[in-house]
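Visitor: Predicted coordinates and the sequence they were generated for:
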Amino acid sequence: MKDLPGTPGTISGLLLRMGQCLFAAASIAAMVTATGFSSYTAFCYLIASMGLQVLWSLGLACLDAYALRVKRDLQNPVLVSLFVVGDWVTAILSLAAACSSAGVTVLYARDVGTVGYCNSKTTPMPCQKFQLSVALAFGTWFLIALSSLIMFWLLASV
């Protein structure tokens with residue numbers, strides 16, 4: 001079972017980590033460019049969670065690139081167990097942040113008032129940027145959940 005796609009020290013593992021990093025960075029960029037995001041706790045939590053995800057994924061992508069360059073095997077039990085714990089923690093944080101931000105976005109886009117707070121002429125909100133950021137956060141969560149499952153299966157076989 002050591003030949004799973006997405007395992008550490010492989011090209012697919014590097015691509016998976018880079019995808020996580022890019023989706024999380026894009027989610028941060030979309031949220032930061034929206035005016036007034038800092039007034040909402042859920043959006044600030046999304047920024048913090050995606051920032052942690054960028055750091056974690058970028059660090060592991062660098063480790064994968066190094067392992068590919070020097071042809072080193074990263075599949076020992078200590079490293080894999082560290083990857084499992086880190087992936088599961090960041091996956092849970094990313095899902096919680098994406099869900100809470102999605103709840104706030106849906107509340108303002110559809111539920112507040114008859115037309116929706118985002119469609120109001122008096123208080124325009126950048127709801128499209130909020131929605132884009134949340135969608136990218138869910139994309140990040142999907143990639144990290146995939147990585148978490150791969151690491152968990154790998155831990156069982158190491």
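Guide: On my side now, so go ahead.

Visitor: number of nearby residues for Gln131?
Guide: 18 (other C-beta atoms under 10 Å). Heads up, the C-betas are built off the backbone N, CA and C, glycines and all.

Visitor: That one - nearest residue in space that isn't next to it in sequence?
Guide: Of all residues not flanking Gln131 in the chain, Thr105 sits nearest, at 5.7 Å (C-beta to C-beta, 6 or more residues apart in numbering).

Visitor: Next, the buried residues of the helix or strand where the one you found lies.
Guide: Following DSSP states H and E, one finds Thr105 within helix 77-106. For helix 77-106, burial by neighbour count (16 or more other C-beta atoms under 10 Å) applies to 79-80, 83-84, 86-88, 90-91, 93-95, 97-98, 100-102, 104-106.

Visitor: how far away is the most centrally placed residue in the chain from Leu68?
Guide: With distances taken as C-alpha atoms, centre = their mean, Thr140 lies nearest the centre of the chain, 3.3 Å away. According to C-beta to C-beta, to the nearest Å, Thr140 and Leu68 sit 23 Å apart.
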